[in-house]
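>>> Structure here, sequence nowhere to be found:
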């Protein structure tokens, strides 16, 4: 049984006339009649009652008509779905992100994807900056939103789309809260809260070099894996948090942010993905690039 056999049967059932059905299908009448007979033989029961030239559909034929229409409809949808996937217009993207992306970057990307790629499902999962690149290489993720700088394994493409500096997070009563901006020298003697090196080896090392180049030894008394945790601990008065500038967009009760001079452009966001991406990932990356361009 082939799909064309079902199309032939549906045409006959809807026209209730072999001649009209043959004309509708643009074939001659004899092969159409033969196909219907072969179909009945294969199924093992009559689909039509024949009275002279007139035909009437049987109860078995009525049931077969329901199923035939469903199968033909499913086949049509399958063809369209396959074409959309092949064109990169539908599918699932496994998308990893870091916690500081909730300051606005993640929302902007998701909103743009929903508007421009409505048939694409984003399977979103939060991760650790140091783990996300390898997860993309291994295929656990298709793309990931990471913080710069980061040491990347081979086999990845990277698109940088936002650069920023670092800020300190302190309580409103802290002595640094009164300053318009803060220098690294202002942090001498301060108890600092930062993320552990395994979170982001590249970013951690870059920050330590910044202190070293300015001849300041950082006194990190607490490590926390996420920027929001760092901010929360700083708000409790445990110490001064080191956070990216974008965190200033997230209010935390009792907390103020001050830009750390000299760190401009030292961090930021990038999208990473495997080399030679398929059409779906290419469309997604192009969307992020367009978003950066302001279109």
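Okay, I see it. Remember, it's a predicted structure, so these values are computed and weren't measured experimentally. Residues are numbered from 1 along each chain as shown.

>>> CA only for contacts and neighbour counts going forward, please
Fine.

>>> correct me, but residue 176 touches residue 170?
Yes - Residue 176 is within contact range of residue 170, at 7.4 Å (criterion: CA atoms under 8 Å).

>>> The two: which has the busier surroundings?
For residue 176 versus residue 170, neighbours defined as other CA atoms under 10 Å are more numerous around residue 170 (28 against 20).

>>> Remind me which helix or strand that one belongs to.
Per DSSP states H and E: residue 170 is located in strand 166-171.

>>> How far off centre is that strand?
Distance of strand 166-171 from the chain centroid (CA atoms, centre = their mean, to the nearest Å) equals 31 Å.

>>> repeat for stretch 280-291
For stretch 280-291, the distance to the chain centre is 11 Å (CA atoms, centre = their mean).

>>> Same question for stretch 147-154.
On CA atoms, centre = their mean, the centre of stretch 147-154 falls 20 Å from the chain's centre.

>>> next one: stretch 229-238
With CA atoms, centre = their mean as the basis, stretch 229-238 stands 31 Å off its chain's centre.

>>> how about low-confidence regions in the stretch 51-200 of the chain?
80, 84-85, 87-89 (pLDDT under 70).

>>> Give the closest residue to the residue positioned nearest the centre of the chain in space, chain neighbours not counted.
Closest to where the C-alpha atoms of the chain average out (CA atoms, centre = their mean) is residue 122, at 3.5 Å. Residue nearest to residue 122 in three dimensions, not counting chain neighbours: residue 93, with 5.0 Å by CA to CA, 6 or more residues apart in numbering.

>>> which stretch of helix or strand covers the one you found?
Counting by DSSP H and E, residue 93 is part of strand 91-97.

>>> got a list of contacts for the helix or strand just after that strand?
Next helix or strand after strand 91-97 toward the C-terminus (DSSP H and E): helix 105-116. Helix 105-116 is contacted from outside by 97, 120, 122, 284, 287, 288, 291, using CA atoms under 8 Å, 6 or more residues apart in numbering.

>>> ok and helix 105-116 relative to strand 91-97, angle-wise?
Following axes from the mean of the first three to the mean of the last three CA atoms, to 10 degrees, one obtains 170 degrees for the angle between helix 105-116 and strand 91-97.

>>> Residue numbering should commence at 437 henceforth.
Let's use 437 as the start, then, which means that last one is helix 541-552.

>>> Buried residues in the helix or strand following helix 541-552, which are they?
Helices and strands here follow DSSP H and E; after helix 541-552, the next one along the chain is strand 556-562. The neighbour-count check on strand 556-562 (16 or more other CA atoms under 10 Å) flags residue 556 as buried.

>>> for stretch 459-478, same thing?
468, 469, 471, 472, 475.

>>> Next, the contact list for the last one, please.
Residues in contact with residue 475, defined by CA under 8 Å, 6+ apart, are 437, 441.

>>> Residue 581 is in what secondary structure piece?
strand 579-584.

>>> Can you list the strands that that strand pairs with?
Partner strands and pairing direction for strand 579-584 (DSSP bridges) are strand 527-533 (parallel), strand 703-710 (antiparallel).

>>> Give me the contact list for it.
529-534, 537, 565, 568-569, 572, 638-639, 702-710, 717.
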